[in-house]
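Visitor: Provided below for reference: sequence and predicted model.
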Amino acid sequence: MVTHRYNETSAALGTSANNNTTLTVDGQIRPTSQWDIQYLATSSWDEQTGEVGLAGRFAVSQRSNQLYFNYAVDFIDDRYNPGIGFVRQRNLISHNPGAYYIWRPKTDRIRRWDPGVFATFNHDAADPSRFQQANLYIFPVYAWFKDNSFLEISMFPTWQNINFDFAPLGISIAQGQYFYTRYFIRYNTDQSKKWSLGGTADFGRFYNGNRTGFFAFGRLAPIPHVALTASYEYNNLQELGEAMEDLETHLVTVGSRFAVNPRLQLSAFYQYNSFDGQGRWNVRGSWEYLPLSFVYLVYNNTQINTLDDPFSEQQFIGKITFLRQF
């Protein structure tokens, strides 16, 4: 695959003309039904900097009725710059091995239990001896029950080397090395029923402080044409960062979906975030007037009341797509 982006000179934006090109090759090999190998290699060239960057990914996995194993490695150098695309981080080599055992006990309640562990280890691509971060995802309890409910109990030991300016949620974290472990619990009822509930809880150390979080959600679908959802998320940070700050946030979300038929639907979504006092509406109507061809009408309303000058923005977007298959 080849992509090319050309930017024109703009005095208003203070930009000059530039060309950016990427070349990407990817593929998949299935030597057997249980083994899977995937690979990707890509390079970028930017006219303005004159630099050529490289990135790639290699992954191998094996799946059977009793075991799943996966190993993946990502490489991104500090010169890779795709004009069309997104890069999560540059100057990175990331290793991601993991496995879990598939156990189907002969009991009246448990359908399947998959205990396992996955690991992530990141270091610099320019100097592989420089450690960035590592974490383990250990899940001794990862079980589906015969009533279609689900339970997970897991932990996340984390090692991080913060050698850059870092301020999550505006709280400045001092540079240095950190080790902390967080614990996670998740449960939900049968999601295919007319009503369902679920929630998560995570707690433990967080850098030099503590963080506790809760998330709960519910869904009601009395008939196939209507679905109503609601969720609430709570975060509490204590004695975090250089100033040993405390912070509490609340996030409330409600949504609905109405369908006259599979081709004509209306959805509405509202969310309020106490961190920045932002409330946001999104209403979208869609009509599939021909197979895979749509008309979209979207209304967005965003308001922020915590600023000295309250912010309000409304948008109305219309979109028509047409797809012809030959």
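Guide: That came in fine, so what should we check first?
Visitor: Relative to Gln133, how far out is Trp159?
Guide: 6 Å (CB to CB, to the nearest Å). Placement of C-beta: from N, CA and C, glycine included.
Visitor: So in that sheet, which strands flank the helix or strand harbouring Arg219, and in what orientation?
Guide: In the assignment (DSSP states H and E), Arg219 maps to strand 209-223. According to DSSP bridges, strand 209-223 forms sheet pairs with strand 195-206 (antiparallel), strand 226-240 (antiparallel).
Visitor: I'd like those strands as JSON lines, with mean neighbour count and mean pLDDT appended.
Guide: What follows is the strands paired with strand 209-223, written out as JSON lines (neighbours: other CB atoms under 10 Å; pLDDT from 0 to 100):
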{"stretch": "strand 195-206", "mean neighbour count": "16", "mean pLDDT": "96"}
{"stretch": "strand 226-240", "mean neighbour count": "16", "mean pLDDT": "96"}
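Visitor: Would you mind saying which of the ones you listed lies nearest Ala125?
Guide: Closest of the strands paired with strand 209-223 to Ala125 is strand 195-206, at 27.7 Å (criterion: CB to CB).
Visitor: Quick check: phi and psi on Pro168?
Guide: Pro168 has phi and psi values of phi -70, psi 130 when expressed as degrees, to the nearest 10.
Visitor: and if you look at the one 3 residues further on?
Guide: The phi and psi torsions at Ile171 (degrees, to the nearest 10) take the values phi -100, psi 120.
Visitor: for it, what are its contacts?
Guide: Applying CB atoms under 8 Å, 6 or more residues apart in numbering to Ile171 gives the contacts Leu237, Leu240, Gly241, Ala243, Glu245, Leu247.
Visitor: Grab the nearest non-local neighbour of it.
Guide: On the basis of CB to CB, 6 or more residues apart in numbering, the spatially nearest residue to Ile171 that is not a chain neighbour turns out to be Gly241, at 4.1 Å.
Visitor: That neighbour touches Ala174, doesn't it?
Guide: Yes. The pair Gly241 / Ala174 is scored as a contact, 7.3 Å apart, by CB atoms under 8 Å.
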